[in-house]
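# Pasting the sequence and the predicted coordinates here, then a few questions.
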Amino acid sequence: MNSTGSVPEEPVRLEGFATRDLYDRREKIFTRYAGGFFQRLQFFTGWPLLIGFFLLPWIQFAGQPVVTFDLPQRQIHLFNMTFFPGELWLPGWLVVIAATGLFTFTAMFGRLWCGYTCPQTVWTAIFMWAEQITEGPGQQRVRLAQAPWSVGKIVKRTLKHSIWLVCATLTGLTFVGYFTEMGALTLNIVTFQASGQATLWVVVFSAATYFNAGWLRERVCLSVCPYARLQAAMFDANTLTVSYDPGRGEPRRERSTEVDNAQTSERKSGDCIDCGLCVQVCPVGIDIRNGLQYECTGCAHCVDACAEVMQKMEYPPGLIRYTSQNALTNSATRWYRGRSVWSLAALLVLITGFAFALSNRAPFDVEVQRVRGELYQRTVEGLVTNQYEVQILNKSQGVTAYQLDVDSALPLAILSTREFTIQPGTRVNLPLILRATPESIVLANTRVTVQLCDIATSECVADSTSFQGPLR
Ligand code: SF4
Ligand code: SF4
């Protein structure tokens, strides 16, 4: 029912998008292997991602893992930097850059992210490969699924699920390795000495991988991922999408690959021979000939499959191709247009701001607070002292030696320790005692700058406070 209480007669359709009823029962999809240029390209885009994911937790930089999310300490370690809770806006900024980049990229080039680099796509491809080598190509898998249980079927299924489980466990273990020391975690897991908590998380992430890539597959893209739903907001008629050219393909007519168009009704039929190969290779089970659909992940399997058919028919390739809706209607594709220029400009501003913030980020912080209680104290000699607490945060990944200095209109002496070393990623509180002669105090409240310097690099940070004393 709509807001007026009436039932709409027709489902609402997004212009340019074909839609399907979300309450349709989804059948299991037995995808046929397409081969071809774009599937080979996916191999080259997926592998760097996989290698990076599995290797990163093992790589050390200055004795520390390159990247670690230390949840108990609420810190993120990245190369030689440690981000503390007060600085989590910096990784947050990175997320905003990634989201803006994805918006810009999608507005111009469509769902290349989904088709080539999204972890869901890459892991699903690995699981489908395992299915292919254990149960055979598409039609064989259909027959196997329909066949009654037999020794052969049990062996094939066991083999497939074993490979899935190994892949899922490696993924779960590596994922948890981003939150703890990878070497120790692996050793503890294989020797059954890992803590209950670590084991639980490895099992949870392994199970999530197993069900996501093995069972849910395209359902995650269709029902869980919000990115697919936002396409209508990001796409326009100039966006590059995988599209079927109806002007060239229609009217489609089923015919054998031996019969070319010149022999059929004086070329009354289009180039599409209605072989259905583009549907059989589609991992989300749609027919791209029905127009742009939100389910389409832009994987281009249908482009490869159709190119093969076109080659057999000796027709030019590109009946299904990467193109824009404008190009399909014989208008020019405008790469530089309002939304792409603005989002590109916003992306550049965000990246520049981030680089500036990162390059100006000091590897340590100082914060000075007056000790509560008396405003000032008197020594036995009649001199005036003030007490402070200095909080120092070493954000670097190395033991660092620091020196403390003060700057003020008053001639102040530092009575507490001035030089000290602090362990990496540690916050310490140190006392600071300043002393002045009563004769020098001309104001009840004099500004004091406390400066902390890294002795090795001479890099300094400062905080200000006040020195309080009696007026003569
Ligand atoms: S693969 Fe090409 S020729 Fe075959 S049905 Fe699809 S669009 Fe038509
Ligand atoms: S229609 Fe299917 S096969 Fe073609 S690009 Fe979209 S998801 Fe891939």
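Nice, I can see it. Numbering: from 1, shown residues only. Ligands and ions are numbered 1, 2, ... in the order given.
# which parts of stretch 220-228 are buried?
Buried residues in stretch 220-228, counting neighbours by 16 or more other CB atoms under 10 Å, are found at 220, 221, 222, 227, 228. For every residue, glycine as well, the C-beta is placed using N, CA and C.
# Check which helix or strand the last one maps to.
To tie it back to what came earlier, the one meant is residue 228. Of the helices and strands defined by DSSP states H and E, residue 228 is found in helix 226-229.
# May I see the buried residues of the next helix or strand after that helix?
The helix or strand immediately downstream of helix 226-229 is helix 231-234, counting by DSSP H and E. Burial within helix 231-234, assessed by neighbour count using 16+ other CB under 10 Å, is assigned to 231, 234.
# same question, stretch 232-247
Of the residues in stretch 232-247, those with enough neighbours to count as buried (16+ other CB under 10 Å) are 234-246.
# Check stretch 297-312 too.
For stretch 297-312, a neighbour-count test (16+ other CB under 10 Å) marks 297-310 as buried.
# does any part of that stretch sit near ligand 1?
Yes - part of stretch 297-312 sits near ligand 1 under the criterion CB under 6 Å from any ligand atom, namely 305, 306, 309.
# Buried ones in the longest helix along the chain, by neighbour count?
Determined from DSSP state H, the single longest helix within the chain is helix 151-177. With burial defined by 16+ other CB under 10 Å, the residues of helix 151-177 counted as buried are 156, 160, 163-164, 167-169, 171-177.
# With stretch 81-99 instead?
For stretch 81-99, burial by neighbour count (16+ other CB under 10 Å) applies to 82, 83, 87, 90, 93, 97.
# Just give the closest residue to whatever residue of the stretch 351-472 of the chain ends up closest to ligand 2, not the sequence neighbours.
Scanning the stretch 351-472 of the chain for proximity to ligand 2 using CB to the nearest ligand atom identifies residue 351 as nearest, at 30.1 Å. Residue nearest to residue 351 in three dimensions, not counting chain neighbours: residue 97, with 6.0 Å by CB to CB, 6 or more residues apart in numbering.
# pretty sure the one you found is touching residue 352, no?
No - distance between residue 97 and residue 352: 10.4 Å, which falls outside the contact criterion (CB atoms under 8 Å).
# quick revisit: pLDDT on the helix holding residue 228, on average?
The predicted model assigns helix 226-229 a mean pLDDT of 79.
# Pull the distance from that helix to the chain's centre.
In terms of CA atoms, centre = their mean, to the nearest Å, the centre of helix 226-229 is found 15 Å from the chain centre.
# Tell me the first helix or strand C-terminal of the helix or strand containing residue 304.
In this structure, residue 304 sits in helix 301-313 according to DSSP H and E. Proceeding C-terminally, helix 301-313 gives way to strand 320-323 as the next helix or strand, assigned by DSSP H and E.
# hmm, that following strand touching ligand 2?
No - among the residues of strand 320-323, none lie within reach of ligand 2 under CB under 6 Å from any ligand atom; the closest is 7.0 Å away.
# what residues does that strand touch?
110, 240-245, 278, 288, 300, 302-303, 306-307, 333 (CB atoms under 8 Å, 6 or more residues apart in numbering).
# avg pLDDT for the strand or helix carrying residue 428?
Here residue 428, judged by DSSP H and E, is contained in strand 426-436. Rounded to a whole number, the mean pLDDT of strand 426-436 is 92.
# Contacts only, for residue 144.
Listed by CB under 8 Å, 6+ apart, the contact partners of residue 144 are 135, 136, 153, 156.
# My error: substitute residue 448 in the last question.
Under the criterion of CB under 8 Å, 6+ apart, the neighbours of residue 448 are 406, 407, 408, 410, 412, 434, 464, 465, 466, 467.
# what do you get if the cut-off is 7 Å, keeping everything else the same?
Residue 448 makes contact with 406, 408, 412, 434, 464, 465, 466, 467 under the criterion CB atoms under 7 Å, 6 or more residues apart in numbering.
# Name only those of those residues that count as buried.
406, 408, 412, 434, 465, 466, 467.
# what about the strands in the stretch 1-150 of the chain?
Assignment of strands within the stretch 1-150 of the chain using DSSP state E, counting those that start in this stretch yields the ranges 17-18, 60-61, 64-65, 67-70, 75-78, 81-83.
# any idea how far residue 420 is from the residue in the stretch 301-450 of the chain positioned nearest to ligand 2?
With CB to the nearest ligand atom, the shortest gap between the stretch 301-450 of the chain and ligand 2 falls at residue 302, namely 3.3 Å. Applying CB to CB, to the nearest Å, the value for residue 302 to residue 420 is 66 Å.
# same thing with residue 152?
Residue 152 sits 72 Å away from residue 420 when distances are taken as CB to CB.
# Starting from the host helix or strand of residue 385, tell me which strands it pairs with and how they run.
With secondary structure defined by DSSP H and E, residue 385 is part of strand 384-394. For strand 384-394, the pairing partners within the sheet under DSSP bridges are strand 364-370 (antiparallel), strand 377-378 (antiparallel), strand 426-436 (antiparallel).
# and residue 32, how many neighbours does it have?
Here the number of neighbours of residue 32 (other CB atoms under 10 Å) works out to 20.
# which residues touch the closest residue to it other than its chain neighbours?
Nearest-residue entry for residue 32: residue 138, 3.6 Å, with adjacent residues in sequence omitted and distances by CB to CB, 6+ apart. Shown in contact with residue 138 (CB under 7 Å, 6+ apart): 30, 31, 32, 280.
# Contact partners for the third one?
Right, residue 32. When the contact criterion is CB under 7 Å, 6+ apart, the partners of residue 32 are 137, 138, 280, 281.
# With residue 177 as the reference, measure out to it.
Counting by CB to CB, the gap from residue 32 to residue 177 is 36 Å.
# Spell out which parts of the stretch 101-250 of the chain neighbour ligand 2.
Counting by CB under 6 Å from any ligand atom, the positions of the stretch 101-250 of the chain adjacent to ligand 2 are residue 242.
# what about the closest residue to residue 134 other than its chain neighbours, distance to ligand 2?
Spatial nearest neighbour of residue 134, chain neighbours left out: residue 160 (4.1 Å); criterion: CB to CB, 6+ apart. For residue 160, the distance to ligand 2 equals 23 Å [CB to the nearest ligand atom, to the nearest Å].
# Tell me the secondary structure at the residue nearest to residue 442 when sequence neighbours are not counted.
Nearest residue to residue 442, sequence neighbours excluded (CB to CB, 6+ apart): residue 471, at 7.6 Å. Secondary structure assignment for residue 471 (DSSP: H, G, I helix; E, B strand; the rest coil): coil.
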